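Student: my questions concern the predicted model and sequence given below.
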Amino acid sequence: MLSKSQARLFYVTATVGFSGVFLLLTADTLRQVPQRSNAAQLTEAVVHGKDLWDENNCMGCHTLLGEGAYYAPELTKVVERRGAQWIKIFLRDPEAMFPGRRRMVRYDLSDEEIDALVAFFTWIGGIDTNGFPAEPDLAPAGAAPITASAVAPDAPEVFGAVCTACHSLGGSGGAVGPALDDVSERYDAASLRRWLADPLKVKPDTTMPNLQLSDADLDALTAFLLADR
Amino acid sequence: MHTLKFESWKVAWAFFATCMLLLALQLVYGFFMAFAHVGLDVLHPWIPFNALRASHTNLLVVWLLAGFMGSAYYIIPDESDRELWSIPLAWLQLGSLVVVAVIALVGFHFNWWEGRKFLEIPRPLDYLVVVNVLAFLLNIGMTVLKGRRYTTTALTLLTGLTAAALLYLPGMIYFTSQVLDSYFRWWVVHLWVEGVWELIMGGILSYLLIKLTGVDREVVEKWLYLIVGLTFLSGILGTGHHYYFIGAPEYWLAIGGIFSASEPLAFLGMALYVVTMARRGGRRHDNRVALFWSVGCGVLSFVGAGVLGFAHTLPSVNLYTHGTLVTAMHGHLAFWGAYAMLVFGMISYALPEMTGRKFFDSWVGEAAFWIANTGMLSMTAAFAVAGVTQVYLERRIGLDFLDVQDAVAVHFWALILASCLFTLGILLFIWDFARHGSPLGMRADSATGVSAPAPQPAK
Ligand code: HEM
Ligand code: HEM
Ligand SMILES: [Fe+2]
């Protein structure tokens, strides 16, 4: 049987030896991380975004790189999933995008801060994470995420980036608002444009948020929704 | 009349009392989080979920640290056979620890923190924590030195506490890269719970086993070296199980996988150790409840950390379970089994020794043990069902996060029920603590000049 001094020798050797190996591996990791994480694109805006992420403890509800809390969505690939434009609108008033669902804090972020957060998420999305998050391997075939081009090939980009999160067209899309297939029966160009520019002004108790769309987007959407199909 | 063996034990008692208070508060936050998960986030406008969570986990860490410190202030004088180097310093250290904890806790409610899981305490307070821990280490270090009785138990405890303090430092470095931030955060979080805290656990458990079962010191200490040897053999490179998917190199998948998968061996060793010693020991101490907690600690740490840790530590599994409620399941039983039960064991042993009130045949202590453990095992089951369902629906089938959360909400009702049972057990434990009374007003042997007589049971 092992003696006490042999046991102690085992303890000391294991500890010192593996601490050494760990330090060597850490040195190599530090060497590789800049390339794996596109450190060159670690701009001022990205760092500002990270600081905002830290200062507000967003990780106390969300996970990022799979680390954090289990109360709100995992955000590593959020830009890929939602698109920058959607995120910007969302961050201005999170509850408006998910009426009646689990609540996020409404931060009074400036436009510059929102841009910084989006830059941060974009940078995070580019990290080589060894395949995390994985593609759902049991997803039913054809359950690809809804994009504008999947809904209608002629839809303006903003439609897939923002509207399909809540509305469906031709049977696919979100179900927060009504389907948009027959909009032309109820709206003309002027009334539709007024609605899209500021729904709350038309109907103060509506749950469709003011999406702060640009004039160009408003024109494109109005034309698209009223077109014959 | 019962006298206290050491004046220093009064500080130990005060640390234990602090533990009880912070634990009770931790549970309150736990309930609020569970209610938020079922959609009743009534506090949201004032205390959003992230504040609840930071409070819940930081209170946990602080009460465990307070428990370790109290244990050290109890064990070190006993092993060194002398009072602490400086008793006033120990009181000051307790006071400042409480002050820092309260400031941090209040700060969380005003958005003053760092968004780094488990290390939310803001930087300026980190420095105060460091000073505080240095004062603590100085005190027990000097006591061991002056006592000149270098027992393995005391040394293991001292090494563990010192290493824990050192490992806090990498968590204070600022990085602009989230990847590196995360990389070094794990030096604190992982190397604490799966490294140096196990040393503390080994030290305290050994002390308890020697006292409770009368096993031979030589035998105990040989086991101790083997177990902590195994801990570091597997646990240091086992850190790699947190490096799979954060942007670190691919070789961590293999290294982290292999070494973390061997970590359960150390916990198995610990479980076998306490069970063997408890059965082998000749002398049987009257304090059955303390032995329950000690053996329970060995066994449930193996289940919570070893078995449930292993369940999601291989990269092929962790790819899907990473950052889901499966982690919360493991986190609860591992912290409970390994560290909460350890502190409870120490308190259950020390209280009668300190106060002279030996309620060994009362039902309260034993009921607290069984009810709290049944409650915690049920909570673990509730998290497990929620977690596995989440992994399946969200990560494998690809359903939307919020829809999946709605689908698992029912398991949070189960969690709430289980938590009520658990909390009942904890309240019984706290009641038992309270009815032992406090030793603060007692005279210590060092004051009366008597050298450590066997404590008399108070009738
Ligand atoms: C008493 C010892 C232990 C405690 C207190 C503990 C606690 C925890 C906690 C709180 C987390 C969540 C950390 C975070 O995301 O910030 C965690 C994660 C993890 N633990 Fe442990 N643990 C222990 C031992 C182990 C062991 C022995 C194993 C492996 C066999 C293990 C495997 C894991 C893994 C793989 C994760 C990452 C989960 C994820 O990807 O989300 N743990 N542990
Ligand atoms: C009344 C009893 C309790 C309830 C209802 C409760 C509930 C919760 C909830 C809902 C979370 C957050 C999960 C999320 O991010 O969504 C959590 C986190 C956590 N709780 Fe508890 N808890 C309780 C007691 C405890 C106890 C006694 C311990 C320690 C022994 C503990 C340790 C933890 C840890 C370590 C985490 C972080 C887990 C992780 O990040 O993976 N909790 N708890
Ligand atoms: Fe770990």
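Tutor: Ah, there it is. Ligands and ions are numbered 1, 2, ... in the order given.
Student: in three-state terms, label the residue of the stretch 1-150 of chain B at minimum distance from ligand 3 for me.
Tutor: Taking CB to the ion, ligand 3 has its nearest neighbour within the stretch 1-150 of chain B at residue B:118, 11.6 Å off. Using the backbone N, CA and C atoms, a C-beta is placed for each residue, glycine as well. At residue B:118, secondary structure determined by DSSP: H, G, I helix; E, B strand; the rest coil is coil.
Student: and residue B:314, how many neighbours?
Tutor: 18 (other CB atoms under 10 Å in any protein chain shown).
Student: what's near enough to touch residue 113?
Tutor: I went with chain A, as the question did not name one. Contact partners of residue A:113, counting by CB atoms under 8 Å, 6 or more residues apart in numbering or on different chains, are A:48, A:52.
Student: I was after chain B.
Tutor: Applying CB under 8 Å, 6+ apart, the residues contacting residue B:113 are A:57, B:54, B:104, B:107, B:120, B:121, B:122.
Student: returning to what we had before: the residue of the stretch 1-150 of chain B closest to ligand 3: what's its closest spatial neighbour, skipping adjacent residues?
Tutor: residue B:189 (5.1 Å; CB to CB, 6 or more residues apart in numbering or on different chains).
Student: can I assume that neighbour is in contact with residue B:119?
Tutor: Yes. Look at residue B:189 against residue B:119 with CB atoms under 8 Å: they come within range, at 7.5 Å.
Student: any shared contact partners between those two?
Tutor: Common neighbours of residue B:189 and residue B:119 (CB under 8 Å, 6+ apart) are residue B:171.
Student: spit out the contact partners of residue A:116.
Tutor: A:45, A:46, A:48, A:49, A:52.
Student: thinking the fourth one is in contact with residue A:109, fair?
Tutor: No. With contacts counted by CB under 8 Å, residue A:49 stays clear of residue A:109, the gap being 10.6 Å.
Student: need the residues touching each of the two.
Tutor: residue A:117.
Student: is the host helix or strand of residue B:204 anywhere near ligand 2?
Tutor: Using DSSP states H and E, residue B:204 sits within helix B:197-213. No. Helix B:197-213 stays clear of ligand 2 (CB under 6 Å from any ligand atom), getting no nearer than 12.9 Å.
Student: now the strands: where do they sit in chain B?
Tutor: For chain B, no strands turn up when DSSP state E is the criterion.
Student: of residue A:49 and residue A:109, which one has the most company?
Tutor: residue A:49 (24 against 16).
Student: and that one, its phi and psi?
Tutor: phi -60, psi -40 (degrees, to the nearest 10).
Student: gap between it and ligand 2?
Tutor: Separation of residue A:49 from ligand 2 (CB to the nearest ligand atom, to the nearest Å): 23 Å.
Student: same question for residue B:127.
Tutor: Counting by CB to the nearest ligand atom - residue B:127 and ligand 2 are separated by 25 Å.
Student: what's the neighbour count on that residue?
Tutor: By other CB under 10 Å, neighbour count at residue B:127 equals 11.
Student: how far away is it from ligand 1?
Tutor: From residue B:127 to ligand 1 the distance is 23 Å (CB to the nearest ligand atom).
Student: which pLDDT value goes with that residue?
Tutor: Looking at residue B:127, its pLDDT is 93.
Student: quick check: the residue of chain B found nearest ligand 3 vs chain A, distance?
Tutor: The nearest approach of chain B to ligand 3 comes at residue B:190, 3.9 Å away (CB to the ion). According to CB to the nearest CB, to the nearest Å, residue B:190 and chain A sit 11 Å apart.
Student: also residue B:437?
Tutor: Distance from residue B:437 to chain A, by CB to the nearest CB: 39 Å.
Student: what does residue B:80 give?
Tutor: Applying CB to the nearest CB to residue B:80 and chain A gives a distance of 21 Å.
Student: could you find the closest non-adjacent residue to the spatially most central residue of chain A?
Tutor: Nearest residue to the geometric centre of chain A (CA atoms, centre = their mean): residue A:78, 2.5 Å. Spatial nearest neighbour of residue A:78, chain neighbours left out: residue A:121 (5.3 Å); criterion: CB to CB, 6+ apart.
Student: which positions in the stretch 151-300 of chain B make contact with chain A?
Tutor: With CB under 8 Å from any CB of the partner chain as the criterion, the stretch 151-300 of chain B meets chain A at residues B:176-183, B:218, B:221-223, B:225-226, B:228-230, B:232-233, B:236-237, B:239, B:243-253, B:255.
Student: buried ones only from these, please, as a ChimeraX command.
Tutor: To isolate the buried ones among those in ChimeraX, judged by 16 or more other CB atoms under 10 Å in any protein chain shown, type:
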select /B:177,178,179,180,181,182,183,221,222,223,225,226,228,229,230,232,233,236,237,239,243,244,245,246,247,248,249,252,253,255
